[in-house]
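[1] Sequence and predicted model, in that order:
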Amino acid sequence: MKKLLVLIMLIVSVQAGMACTSAIISGKVTKNGRPLIWKHRDTGAEQNFIARVEPKDGNHGFVALYNGGDSLLESAWMGMNDAGFAIMNTASYNLMPDTAKLQDQEGVVMRHALEKCRTLKDFEELLAALPKPLGVQANFGVLDAEGHGAYYETDDHNFKRFLLDDEADGIIVRTNYSVSGEEDGGYGYIRENNARYWIEPHAATRDIVPELFTEGISRSYYHSLIGRDFMKSGDRWAVDQDFVPRKSSSASIVIEGMLPGETPEDMTMWSVVGYPPVSHVKAVTINNVPAELEPTLPGFLSPYCQETIDRKNSVFSIKRGSGSHYLDLDQVRAYDPEQRRQSAESYKNRRSQLNREN
């Protein structure tokens, strides 16, 4: 019985720690025609930072999100390169099981992709060429320099491709199961519906913007199964279960692709680092990472991410018993206006820069 309880606790901790929500959006349904790729990241690594890797030995330069403490920049968890290629992932729990010898290599694969790839074809060739087993169970989301997007549901030996161009509504959403995997396996069905609740009406009117994700979904406590938006309920406390933002959330990032005739310098990595409901957007470009997002603190940590973690700790303030499962919505409401104001300022400044340059 003790062993069973330990196993259950481990399974629950995996669900909590790797519960990412993501989407790829065609330029046909965005307001300005640029395609988007989005990931709301959940992880056991509370600290994240963003850094640039310079081109070397014929590889592309790129900017990417890393776990705090990754001083060698070995595992990239979302990023874009100077060839206009962008990538992210969500963990999948209904594909073939991980090998015992090699696991959790998704970040390593994505770093290789950022170094090597420009197109979907390049990424497919990379997946085929890398030594097997890959050590991954993942939905890799890719946006390439030609404006094409796809998810690759990938296990140790194989992948199945789902093209954005094949989607009539111009969107694909993935959480923590794979469509090609075991039926009804994996996790994230409610979070997927939460995201679709926000995305689908805007896809229909073709006016999707990055703010839909950073200021909407990643701050939303809408629960699709219950049919209730807890931020609008007036309640102070809510159980941290099946919302897109979770205690384990550590970033929300939208990469905005290029229009015809533009260059990778025109791409923007709209980055909310830390617990998204109490953080705000900072604009990252292929040649510029805001200093506060870089790992300048001891231990290779980001000053801004640490600031948001301090705010998050006041949202999850109950430490005894099962109190860590409860979030204080009044604290979120108190932080919300200022964080939205600063996000709006970041969007305004970056867009003004792009208008001047173009």
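    Done, it's in.

[2] just so I have it, where are all the helices in the stretch 51-200 of the chain?
    Here the stretch 51-200 of the chain has its helices, by DSSP state H, counting those that start in this stretch, at 106-116, 120-129, 189-205.

[3] Go through those helices and name the closest to residue 159.
    Using Cβ to Cβ as the measure, helix 120-129 is the one of the helices of the stretch 51-200 of the chain that comes nearest residue 159, at 5.5 Å. Placement of C-beta: from N, CA and C, glycine included.

[4] Give me the contacts around that closest one.
    Outside helix 120-129, the residues that touch it by Cβ atoms under 8 Å, 6 or more residues apart in numbering are 85, 87, 109, 112-113, 116-117, 134, 140, 142, 144, 148, 150, 152, 154, 159, 161.

[5] list the buried ones in it?
    Residues 120, 122, 123, 124, 127 are the ones in helix 120-129 that count as buried (16 or more other Cβ atoms under 10 Å).

[6] quick check, residue 234 in a strand?
    No: counting by DSSP: H, G, I helix; E, B strand; the rest coil, residue 234 falls outside a strand, being coil.

[7] so which helix or strand takes in residue 254?
    strand 249-256 (DSSP states H and E).

[8] which helices and strands does that strand pack with?
    Contacts defined by 3 or more Cβ pairs under 8 Å, 6 or more residues apart in numbering; DSSP states H and E place strand 249-256 against strand 36-42, strand 78-81, strand 86-91, strand 268-273.

[9] now those as TSV including mean neighbour count and distance to residue 208?
    What follows is the helices and strands packed on strand 249-256, written out as TSV (neighbours: other Cβ atoms under 10 Å; distance: least, Cβ to Cβ, whole Å):
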stretch	mean neighbour count	distance to residue 208
strand 36-42	26	7
strand 78-81	28	19
strand 86-91	28	16
strand 268-273	26	13
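
[10] Turn those strands into a markdown table, including mean pLDDT and distance to residue 289.
    Output for the helices and strands packed on strand 249-256, formatted as a markdown table (pLDDT from 0 to 100; distance: least, Cβ to Cβ, whole Å):
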| stretch | mean pLDDT | distance to residue 289 |
| --- | --- | --- |
| strand 36-42 | 98 | 17 |
| strand 78-81 | 98 | 11 |
| strand 86-91 | 98 | 15 |
| strand 268-273 | 98 | 9 |
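
[11] rewinding a little: looking at the helices of the stretch 51-200 of the chain, which is closest to residue 178?
    helix 189-205 (12.1 Å).

[12] can you give me how far that closest one is from the chain middle?
    Here helix 189-205 is found 16 Å from its chain centre; the criterion is Cα atoms, centre = their mean, to the nearest Å.

[13] Buried residues, it. List them.
    Buried residues in helix 189-205, counted by 16+ other Cβ under 10 Å: 190, 191, 192, 193, 194, 195, 196, 197, 198, 199, 202, 203.

[14] Would you confirm that the last one contacts residue 173?
    Meaning residue 203. No: between residue 203 and residue 173 there is no contact under Cβ atoms under 8 Å: 10.5 Å.

[15] The most centrally placed residue in the chain bridge partners, please.
    Among the residues of the chain, the one closest to the centroid is residue 39, at 2.0 Å (Cα atoms, centre = their mean). Under the criterion DSSP bridges, residue 39 forms beta bridges with residue 22, residue 253.

[16] contacting residues for it?
    20, 21, 22, 78, 88, 89, 90, 141, 251, 252, 253 are the contacts of residue 39 under Cβ under 8 Å, 6+ apart.

[17] 10 Å instead?
    Applying Cβ atoms under 10 Å, 6 or more residues apart in numbering, we find residue 39 in contact with 20-24, 65, 77-78, 87-90, 141, 174, 213, 218, 251-255.

[18] Likewise for residue 35?
    24-29, 86, 143-144, 146-149, 164, 170, 208, 255-259.

[19] now residue 207
    29, 30, 31, 32, 201.

[20] go on, residue 199?
    Residues near residue 199 by Cβ under 10 Å, 6+ apart: 23, 25, 29, 38, 169-171, 173, 208, 212-213, 216-217.

[21] Now distance to residue 46 too, for these, in CSV please.
    Shown next, in CSV, are the contacts of residue 199 (distance: Cβ to Cβ, whole Å):
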residue, distance to residue 46
23, 24
25, 28
29, 34
38, 21
169, 35
170, 34
171, 30
173, 25
208, 30
212, 26
213, 21
216, 23
217, 21
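
[22] Give me the subset of these that lies in strands.
    23, 25, 38, 171, 173 (DSSP state E).

[23] I figured the third one hits residue 23, correct?
    Yes: assessed by Cβ atoms under 10 Å, residue 38 is found in contact with residue 23 at 5.0 Å.

[24] Show the backbone phi and psi for the residue nearest to residue 193 when sequence neighbours are not counted.
    Closest residue to residue 193 apart from its sequence neighbours, by Cβ to Cβ, 6 or more residues apart in numbering: residue 224 at 3.8 Å. Dihedral angles of residue 224 (phi, psi; degrees, to the nearest 10) stand at phi -70, psi -30.

[25] With residue 196 as the reference, measure out to residue 224.
    Separation of residue 224 from residue 196 (Cβ to Cβ, to the nearest Å): 8 Å.

[26] Could you pull out the buried residues of the longest helix along the chain?
    Using DSSP state H, we find that the single longest helix of the chain is helix 329-357. Using 16+ other Cβ under 10 Å as the test for burial, helix 329-357 gives 329, 331, 332, 335, 336, 339, 340, 343, 346, 347, 350, 354.

[27] which residues does the fourth one contact?
    When the contact criterion is Cβ under 10 Å, 6+ apart, the partners of residue 335 are 275, 277, 278, 279, 280, 308, 311, 312, 314, 315.
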